[in-house]
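Q: dropping the sequence and predicted coords here.
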Amino acid sequence: MANKDLIKNNEHLNKKQKALGLLLCIAQEVNSSMDKAVRPIKLSPLQVNILHILDYAPKEGLTVNQIKQSMVEDSPNISRALNKLMEKKLVLKRRDKQDQRIVHITITDKGRDLHHEADALLLKAMNVSLTDEDADRLYEVLSKF
């Protein structure tokens with residue numbers, strides 16, 4: 001875990017620097033918690049993100065580029081993650097009938113079920129006790145970045 005007290009108690013940092021430092025610590029902690037939360041179902045947070053995108057995609061699926069554009073975080077490992085999801089039979093790839101260069105990716109029923117299980121695990125792991133007012137203020141502040 002990140003040592004947030006080092007930032008909070010550092011007299012050489014101003015409030016903005018402390019806020020950014022705490023934000024980086026929290027991001028690191030959240031990433032670590034997400035990794036641990038989905039480890040039991042043998043998925044990475046990147047794979048969960050892909051399943052999430054495909055679960056809400058049109059029935060015909062999405063191309064790799066469309067998935068990349070929908071990602072919250074840039075990742076060079078999309079193709080590798082998709083191949084692993086395919087091996088697990090969580091997604092299907094099929095070539096476009098008109099243009100064989102285009103590959104459409106769709107989620108399987110097994111992938112959809114595992115996505116929902118992953119979401120439940122992530123929500124449980126990310127249980128943060130914020131009031132609605134705190135959440136509104138935090139959202140407002142984070143939206144400034």
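A: Arrived safely, thanks for sending. Keep in mind it's a predicted model, so treat the numbers as computed, not measured.
Q: pull the residues that contact stretch 58-66.
A: Residues outside stretch 58-66 that contact it (Cβ atoms under 8 Å, 6 or more residues apart in numbering) are 53-54, 57, 70, 78-79, 82, 92, 94, 102-107. All C-beta atoms are positioned from the backbone trio N, CA, C, and that covers glycine.
Q: buried residues, that stretch. List them.
A: Buried positions in stretch 58-66, judged by neighbour count with 16 or more other Cβ atoms under 10 Å: 61, 62.
Q: over to stretch 99-119?
A: Buried-residue list, stretch 99-119, by 16+ other Cβ under 10 Å: 104, 105, 106, 107, 108, 111, 114, 115, 118.
Q: identify those among the residues you listed that sit within helices.
A: Counting by DSSP state H, the buried residues of stretch 99-119 place 111, 114, 115, 118 in helices.
Q: centre-most residue in this protein?
A: residue 49 (4.4 Å; Cα atoms, centre = their mean).
Q: so that one makes contact with residue 71?
A: Yes: Residue 49 lies in contact with residue 71 (Cβ atoms under 8 Å); the separation is 6.3 Å.
Q: check contacts around residue 117.
A: Contacts of residue 117 (Cβ under 8 Å, 6+ apart): residue 41.
Q: the same query, at a cut-off of 10 Å, please.
A: 38, 40, 41, 43, 48 (Cβ atoms under 10 Å, 6 or more residues apart in numbering).
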